[in-house]
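Predicted model, plus sequence, below.
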Amino acid sequence: MFEKAIISHFGYILKITVMKKFGIICFTMILLGVASSNAQGILDKIDRTLDKADKAGKQADRAGKTGGKLSSFFGKKKSAEEVVAETKTTVNISGVDFATLKSINEKAENTKGVLSSKMKFNTSGSIISLEHSGTTEDLLIALQKTNPDIFTEKNIEALEDGQISIKIKK
């Protein structure tokens, strides 16, 4: 009988221990579930915020495209910086010294329609490379207005698409 009492007491202790473990496991699962749902709620809020930012970005892009279409519809003029160089023309000049070439280059840079110029000096023949809008003929007419002494008809040796040849007679 004593043995039965010990065995039943041992069974009781075993049941209590298992119940405590089961209770701890249940409590842990509840805590983890709450923490997991809180974390999921935070992640959902972040996802919603990112979606709102993405939608706002798409709306801004659409508004920009619509504004661009409307401005082109109303004939918005491009500024000088927005005009893309359409033509490159090389001006070959012979019979000039460096100071004269530099003066010609400075006047060419300030000519209407010219976006950039590069100068190369050589005593046998110098080159000025110009990026400009319009045709080579349009460029020559503009250069004749800004520098009439050099670009006179008597100095012009050749005129082709992308090339003007000038020979300065002394």
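Looks like it came in fine.

going forward, measure contacts and count neighbours with C-alpha atoms only.
Noted.

my guess is Phe151 is in a helix, correct?
No. Per DSSP: H, G, I helix; E, B strand; the rest coil, Phe151 lies outside any helix segment and is coil.

Name the nearest residue to it, sequence neighbours excluded.
Gln144 (5.2 Å; C-alpha to C-alpha, 6 or more residues apart in numbering).

Could you count how many residues lie near Asn122?
14 (other C-alpha atoms under 10 Å).

On the three-state scheme, it is what?
Here Asn122 is coil, with the state taken from three-state DSSP.

what's the spacing between it and Glu106?
17 Å (C-alpha to C-alpha, to the nearest Å).

try Gly68
In terms of C-alpha to C-alpha, Gly68 sits 36 Å off from Glu106.

Can you name the element that comes right after the biggest helix by length in the chain?
Assignment by DSSP state H gives helix 2-73 as the longest helix of the chain. Once helix 2-73 ends, the next helix or strand along the chain (criterion: DSSP states H and E) is strand 87-94.

Mind listing what's buried along that next one?
Judged by neighbour count using 16 or more other C-alpha atoms under 10 Å, the buried positions of strand 87-94 are 87-94.

helices and strands around the helix or strand containing the residue nearest to Phe151, which ones?
Following DSSP H and E, the helix or strand that holds Gln144 is helix 136-146. Under the contact definition 3 or more C-alpha pairs under 8 Å, 6 or more residues apart in numbering; DSSP states H and E, helix 136-146 sits against helix 98-109, strand 163-167.

Return, as residue ranges, the portions of this protein with sub-threshold pLDDT.
1-2, 4, 7, 9-10, 69-85, 170 (pLDDT under 70).

ok so, going back, highest average neighbour count across the helices and strands packed on helix 136-146?
strand 163-167 (a mean of 20; mean count of other C-alpha atoms under 10 Å).
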